[in-house]
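J.: after the sequence you'll find the predicted model.
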Amino acid sequence: MIEKFKSAMDGMHSRYSKILSHYYPAHKATGFTERNLTNNFVYALEQSLGEESFSWFEAPICLDDNKHIDAVFFYKNVTILIEAKRFTSTASQSESVRRDLVRMHSRKTIEILEDGLDIKEERIRYSVVLADVWTETPAKTEIFDNWPSCISHESGDSFTYSDTVEFLHFGSDKPWMKNYKLLIAVTKIDI
């Protein structure tokens, strides 16, 4: 499955490269909505895994309030929970990601997300944190340089796969190219 995550990141990088080489959607600012991360990653994952996969965005994870997860992705006996973050600072958003990881690794979250699945066999589960960061400040550069340890709990999370992606290959002087980075951290969920 790790190869599929790598393939999806490659596909997401290609997709972003195509879009951003023709269109800069932030219009004289930095920052794109988190939804773009989730949608483009899920699209790339679907391309990598094929027609047997399906996904749902903003999936509810609690029955008594509006808590949700950015996306849940299903493939055969695999469940993938996806949360996306746009890093604009270090401390508060790193803590937010840590809370997301706890929620994604909760038995209750898994039970709610998998309720109603027609495949009841033993499932393999992963949590995926997608992030982007603009490295125009030292604090944001630190996030990129220390990925994924900057989102680990003090006890230390064991990430199954992590990567950082840059956009330096365009050969242009557009400022976003040297500053915009994509990040992924994947952990296996054992409940």
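T.: Noted; the coordinates are in hand.

J.: would you map the helices across this structure?
T.: Along the chain, counting by DSSP state H, helices occupy 2-22, 34-49, 91-104, 107-114, 138-145, 175-179.

J.: for I151, which of the ones you listed is the nearest?
T.: Using C-beta to C-beta as the measure, helix 91-104 is the one of the helices of the chain that comes nearest I151, at 4.4 Å. In this view, the C-beta of every residue, glycine as well, is placed from N, C-alpha and C.

J.: now that closest one: mean pLDDT?
T.: The average pLDDT within helix 91-104 is 84.

J.: one more: stretch 67-76?
T.: Taken as a whole, stretch 67-76 has a mean pLDDT of 93.

J.: next, name the residue at the spatial heart of this structure.
T.: Ranked by distance to the mean C-alpha position of the chain (C-alpha atoms, centre = their mean), the top residue is L130 at 2.0 Å.

J.: dig out what that residue forms beta bridges with.
T.: As for beta bridges, L130 partners with A84, I184 under DSSP bridges.

J.: enumerate every residue touching the nearest residue to L49 once chain neighbours are set aside.
T.: Spatial nearest neighbour of L49, chain neighbours left out: Y75 (4.9 Å); criterion: C-beta to C-beta, 6 or more residues apart in numbering. Neighbouring residues of Y75 by C-beta atoms under 8 Å, 6 or more residues apart in numbering: L49, E52, S53.

J.: can you add distance to I61 and give those residues back as TSV?
T.: Listed next are the contacts of Y75 as TSV, based on distance: C-beta to C-beta, whole Å:
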residue	distance to I61
L49	23
E52	24
S53	20
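
J.: by pLDDT, give me the weakest of these.
T.: Taking the contacts of Y75 together, the minimum pLDDT is found at E52 (91).

J.: surely it touches V78?
T.: No. If you go by C-beta atoms under 8 Å, E52 and V78 don't touch, sitting 10.1 Å apart.

J.: the more surrounded of these two?
T.: V78 (16 against 9; other C-beta atoms under 10 Å).

J.: so what's that one bridging to?
T.: On the basis of DSSP bridges, V78 is bridged to Y75, I124.
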